[in-house]
Each structure stands twice: as structure tokens, then as C-alpha cells.
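Chemist: One predicted model, sequence on top.
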Amino acid sequence: MLFSLLDTLHEPNRKLPALWKAVNFLRKMEAFDFEEGVFPEEQIALAFITGREACLKSSLEGFSRDIHRLVGMPSTDTAAREDLAASLKKYIETWREGVNDIISHYTTIFLERSPSTSAPASKAAAAPSLQPSLQALLATYASHALQRHLLPLLRDTLPHIPLSSLSTIHDRLAHCATAFARVGLDFRGVLGDVCSHAVLRSVQDEMRDVTATFVALLKQKTGRPTSSQLRNSTPPSEWAVTASAATSPPKGSAPSKSLHVPPHVLASYPPVARYMNALLSLFNDFRKVASVAIASTLQAELDSCLAEAGEALLRYVKNVVGQSDAEARIGEALGAVFFAMFVPFVRRAFGEGCTR
């Protein structure tokens with residue numbers, strides 16, 4: 001009978017009535033004795049938590065295996081990263097439901113209902129109040145569930161999640177933390193640090209990727225570093241400017257004052273416009289999970305990327321200045337638009353649009 005009741009505490013999907021009934025029978029059986037300062041009620045409570053923890057761990061193992069397998073996939077595998085985000089969402093939801101059930105069931109069985117109603121009157125009168133120790137046991141378990149099952153997985157996984165999916169996961173975690181704060185498990189402070197680190201790494205990686213694409217294009221058009229490099233450079237009229245603007249390449253007048261309207265002159269230079277669109281798309285995704293704590297680091301990263309792109313563009317412009325006057329005018333206009341229009345707008349878009 002004792003083993004059957006203990007097995008009930010280890011069975012998944014058991015609801016509150018069955019668990020309450022099993023615990024109540026254990027109380028009435030008086031199967032646990034007072035040992036080394038630990039009362040029977042505390043031993044039953046520990047058996048309850050041990051059994052429900054085993055069920056929670058079992059329900060998380062499948063998702064955990066999938067997540068660790070997908071984390072090892074190449075970062076260029078878009079499908080794997082999307083599957084990773086989906087698996088992490090399921091893991092978080094399963095963890096939330098499991099831990100919430102354990103806390104609510106434990107509270108109902110051990111903290112809200114007195115065991116004295118099912119114990120002999122003499123023992124009930126002699127027993128001290130066990131509320132503090134029972135509450136401490138629950139608090140210890142709640143911390144264990146957070147530190148053992150959730151936070152380590154988030155630290156390992158979040159940096160591999162696409163930035164576009166991070167906002168959804170961040171919102172789900174924030175909702176989860178707020179819900180647990182009502183029962184004393186407030187981990188919003190820890191969550192902020194974990195998410196900020198993941199966002200920082202993800203934004204830095206994507207910022208470097210889009211910049212590397214633009215720089216690679218410029219290097220290709222610049223040509224090989226030989227004595228005849230001028231002849232190897234691709235004329236800007238063939239790739240850097242629209243046909244309608246090639247005869248009179250615009251330089252623009254002043255940087256755009258609106259964060260929502262990029263400088264119109266950039267439309268005349270498709271490669272720069274594509275680079276700008278990639279950065280703005282990245283900023284939009286980042287804005288949903290922006291953190292002031294990492295703003296200065298990301299601003300420095302953006303400046304570094306813009307400097308790298310600017311150096312590559314400057315090398316290209318220097319190589320085309322010696323070509324025909326028409327190509328030289330286009331090259332000079334391209335450089336002027338990049339440094340005078342593109343760079344100030346992008347820096348303002350990040351500084352004012354993402355961190356305020």
C-alpha cells in the first residue's frame with residue numbers, strides 16, 4: 001500500500017484530487033516516523049516534491065534533446081534555427097505548466113490544509129507549526145526548478161535563436177516570470193540579464209553579416225590589388241547607380257530629419273539602399289527586445305561596421321577616380337551620399353529609434 005501511494009506521486013498527469021488523496025492516506029498510515037529532527041509531514045512533503053519533479057523532468061527530456069541537437073546545427077541552417085525556436089517555446093510552456101502545477105498542488109495540500117484534521121488529536125496538539133519549514137521547502141524547490149531546468153537551457157539556446165523570433169520568446173518568458181511572481185518566484189531580474197546577453201550576441205552577429213555582404217560586394221567591384229587595379233575595377237555606372245541617375249548622379253542636400261523616411265537620394269544607389277534596408281530590418285527586430293544595458297555596446301559595434309564599410313567604399317572610389325570623368329563623378333557622388341547621408345541616418349535610426 002505504501003509503495004502504491006508513493007508511486008502515485010511519481011505518475012505523470014495526476015490531478016490534484018488523486019494527489020491529495022494519496023497524501024492524505026500517507027498521513028493516516030503514519031508510515032513515516034520522526035527522524036533526526038524531521039517530522040513525518042515534512043517527509044511526505046519531500047516525497048511529494050521528489051515525485052512531481054521526476055514527472056517534470058521526464059516531460060522536458062524530449063524537448064531538451066531536440067534543442068541540444070539543433071543548437072549544434074550550422075548557424076546558416078535557417079530551417080534548423082526556426083525549429084530550435086519552436087522547440088524552445090514548447091519547452092518553456094511545458095516547464096511553466098509543470099512547475100505551476102507543482103507549486104499550486106503543494107500549496108493546496110501542505111500549506112492551505114492542515115494535516116491535523118487527519119492526524120490523531122494527541123499528535124496534532126503536540127506537533128509544532130510546520131508552516132515555515134514547509135514553505136522553505138517549496139521555495140527551495142522553486143529555485144531548483146529555475147536554476148536546474150530553465151536558466152541553463154536559456155543561456156545555451158537563446159544566442160542561437162533568430163532575432164526575429166527572440167521577441168516572441170522574450171514576451172513568453174516575461175509573461176511566465178510575471179505569473180510566477182504572484183506566488184513568490186520572481187525571476188524577472190535574472191531573465192533580463194540572460195535575454196540581454198542573447199540579444200547582444202544575435203544583433204552583433206547579424207550586423208556583421210549584413211556588413212560583410214556589402215563589403216564583399218565592394219571588394220569584388222574594386223578588383224584585384226595589382227598594378228593594373230584601375231582597369232580591374234568595375235565602373236560604378238554598371239552596378240552602383242540607377243540608369244536614370246547615371247548622367248547626373250545626385251548627392252543629396254541634407255540628412256533626413258525623419259527616422260521613418262530614409263533619404264530619398266539613396267534610391268539612386270541600389271547597393272547602399274539594400275545595405276540600409278538590411279540594417280533597418282535588423283533595427284526593427286531589435287527594437288522589440290531592446291535593452292538599455294547593451295545599447296552602448298551595440299552602438300560601438302554599429303560604428304565599427306560602418307567604419308569597415310566606409311573603408312571598403314573609399315578604396316573603391318579611389319580606384320574609379322582615375323577612370324573617365326563620368327565614372328569619377330559617379331564614384332565621388334557615391335562616396336558623398338554614403339558618408340554624408342547614409343551614415344548619419346543609420347546612426348540616428350539606431351540611437352533614437354531603438355534605444356529610446
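Modeler: Noted; the coordinates are in hand. Numbering: from 1, shown residues only.

Chemist: Pull the residues that contact the host helix or strand of R27.
Modeler: Using DSSP states H and E, R27 falls within helix 16-29. Applying Cβ atoms under 8 Å, 6 or more residues apart in numbering, the contact partners of helix 16-29 are 1-2, 5-6, 8-9, 32, 40-41, 44, 47-48, 104-105, 108-110, 115, 118-119. In short, each C-beta sits where N, CA and C put it, glycine included.

Chemist: Model confidence at S114, what's the number?
Modeler: Looking at S114, its pLDDT stands at 53.

Chemist: Okay, helices next: where are they in the stretch 151-300 of the chain?
Modeler: 151-157, 163-181, 188-222, 229-232, 270-287, 295-320 (DSSP state H, counting those that start in this stretch).

Chemist: re the thing from before, please flag which of the contacts of helix 16-29 sit within helices.
Modeler: Those of those mapping onto helices are 2, 5-6, 8-9, 40-41, 44, 47-48, 104-105, per DSSP state H.

Chemist: hmm, back to that, and the contacts of helix 16-29, which are buried?
Modeler: Listed as buried from the contacts of helix 16-29 are 5-6, 8-9, 32, 40-41, 44, 47-48, 105, 109-110, 115, 119; burial here means 16 or more other Cβ atoms under 10 Å.

Chemist: Out of these, which is nearest to P159?
Modeler: Closest approach between the buried ones among the contacts of helix 16-29 and P159, by Cβ to Cβ: H105, at 34.6 Å.

Chemist: show me where pLDDT drops low in the protein?
Modeler: Where the chain drops to pLDDT under 70, the residues are 76, 113-128, 225-231, 254-257, 353-356.

Chemist: could you redo the last one with a cut-off of 80?
Modeler: 1-2, 30-37, 74-78, 113-129, 183-184, 224-232, 252-260, 290, 322-323, 353-356 (pLDDT under 80).

Chemist: What is the neighbour count of Y91?
Modeler: 22 (other Cβ atoms under 10 Å).

Chemist: To clarify, my last question referred to P270.
Modeler: For P270, the count of nearby residues is 13 (other Cβ under 10 Å).

Chemist: Can you give me the distance of it to V241?
Modeler: 8 Å (Cβ to Cβ, to the nearest Å).

Chemist: With C305 instead?
Modeler: Applying Cβ to Cβ to C305 and V241 gives a distance of 23 Å.

Chemist: got it, and T168?
Modeler: 39 Å.

Chemist: between these two, who's got more neighbours?
Modeler: Set T168 next to V241 and count neighbours by other Cβ under 10 Å: V241 wins out with 24 against 14.

Chemist: could you list every residue that touches the closest residue in space to A328 that isn't next to it in sequence?
Modeler: Excluding the flanking residues, the one nearest A328 by Cβ to Cβ, 6 or more residues apart in numbering is V321, at 5.0 Å. Contact analysis of V321 by Cβ under 8 Å, 6+ apart lists 328, 331-332.

Chemist: go on, A142?
Modeler: Counting by Cβ under 8 Å, 6+ apart, A142 touches 99, 103, 180, 184-185.

Chemist: go again using 7 Å as the cut-off
Modeler: 103, 185 (Cβ atoms under 7 Å, 6 or more residues apart in numbering).

Chemist: Now it: phi and psi?
Modeler: Per-residue torsions, A142: phi -60, psi -40 (degrees, to the nearest 10).

Chemist: Can I get the helices of the stretch 151-300 of the chain in a markdown table including distance to R69?
Modeler: As requested, the helices of the stretch 151-300 of the chain are exported to a markdown table (distance: least, Cβ to Cβ, whole Å):
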| stretch | distance to R69 |
| --- | --- |
| helix 151-157 | 12 |
| helix 163-181 | 18 |
| helix 188-222 | 19 |
| helix 229-232 | 46 |
| helix 270-287 | 25 |
| helix 295-320 | 30 |
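
Chemist: can you tell me which of those comes nearest to P132?
Modeler: Nearest to P132, of the helices of the stretch 151-300 of the chain and by Cβ to Cβ, is helix 163-181 at 21.1 Å.

Chemist: Quick one: list the elements packing against the closest one.
Modeler: Helix 163-181 is packed against helix 78-106, helix 188-222, helix 270-287, with contacts defined by 3 or more Cβ pairs under 7 Å, 6 or more residues apart in numbering; DSSP states H and E.

Chemist: Perfect, I'm done here.
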